[in-house]
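S.K.: Dropping the sequence and predicted coords here.
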Amino acid sequence: MRLKKLLRLCLSPSGSHFASAGNDGLMKIWSVSRIYKDQSAATRADATFSYSELFAERKINSIQFVGSLGKRLAIASDDCRVTVVDAERMAFITTIGFEKDEDGPPVELYASDNDKNVTTALATCPLTGRIFTGDSVGALRSWNLLNPKECYYLSGPEKRTPEAISSSSLRSTIKRSTFEMVEVFYEEAFEKKQRSSPALSNSPLEAQ
């Protein structure tokens, strides 16, 4: 028999309630003021949403209130779904499915109540393993998930910093090429005072 564990907590935008979820597929909403007022006995949840009633009993990986008013709740589960429910009525709204083999289950949810610095585009480079992101303010960034020192701000409204130009052992430049009317940014890296490394200097499109 699997033990029921509490895995996630998230606070509503107003701070009046918080939601909890675990590996039993249940999500509950709790009143913060009620917990503060009555600490002598076990507090009951204000509302409960059973994910297992819609789908099979699955572990909930992450939960997050959506919007500035917190009227929606997003649920990320290990069956490769993100489900949105009405936080006031605890009613199902919609669900988004992901490919298990290609995408895998969502493990973390982040919500924003405005359009600032929201990632709107993402691409990966098969040669270097880097991730390139574009956001809602027009900024382009390059990420190395294994080395935070090699995460660069490439272009956008902010001024590039010296850290975006070099790292401890590699110097890199951002080049631009056009392939079948598609403009592509790619990173060319080379050792200092050494010959360029072929594995890192090719455009991602030239390898196709």
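M.R.: Looks like it arrived, so ask away.
S.K.: Is the residue nearest to Ile35 when sequence neighbours are not counted in a helix, a strand, or coil?
M.R.: In space, and not counting its chain neighbours, Ile35 is closest to Thr43: 5.2 Å by CB to CB, 6 or more residues apart in numbering. C-beta here means a position set from N, CA and C on the backbone, and glycine is covered the same way. With DSSP: H, G, I helix; E, B strand; the rest coil as the basis, Thr43 sits in coil.
S.K.: Over to Ile35?
M.R.: What three-state DSSP gives for Ile35 is helix.
S.K.: Compute the number of surrounding residues for it.
M.R.: The local packing of Ile35 (other CB atoms under 10 Å) involves 11 other residues.
S.K.: Okay, it and Ser20: tell me how far apart.
M.R.: Going from Ile35 to Ser20 by CB to CB, to the nearest Å gives 12 Å.
S.K.: With Ser14 instead?
M.R.: Relative to Ser20, Ser14 is positioned 17 Å away (CB to CB).
S.K.: Neighbours of the residue nearest to Leu6 when sequence neighbours are not counted, how many?
M.R.: Nearest residue to Leu6 in three dimensions, chain neighbours excluded: Gly22, at 4.6 Å (CB to CB, 6+ apart). By the other CB under 10 Å criterion, the neighbourhood of Gly22 contains 16 residues.
S.K.: does Gly22 really touch Lys4, like I thought?
M.R.: Yes: between Gly22 and Lys4 there is a contact at 5.9 Å, judged by CB atoms under 8 Å.
S.K.: what's the nearest residue to Glu158 if we skip its chain neighbours?
M.R.: Distances taken as CB to CB, 6+ apart put Ala139 closest to Glu158, at 6.6 Å, once the chain neighbours are dropped.
S.K.: Quick check: that neighbour vs Ile131, distance?
M.R.: Distance, Ala139 to Ile131, using CB to CB: 14 Å.
S.K.: Just the local confidence number for the closest residue to Asn23 other than its chain neighbours, please.
M.R.: Among residues not flanking Asn23 along the chain, Lys59 sits closest, at 4.0 Å (CB to CB, 6+ apart). pLDDT for Lys59: 81.
S.K.: cool, Arg72 as well?
M.R.: At Arg72, the pLDDT value in this model is 91.
S.K.: Around the closest residue to it other than its chain neighbours, count how many other residues there are.
M.R.: Of all residues not flanking Arg72 in the chain, Val66 sits nearest, at 4.0 Å (CB to CB, 6+ apart). The local packing of Val66 (other CB under 10 Å) involves 18 other residues.
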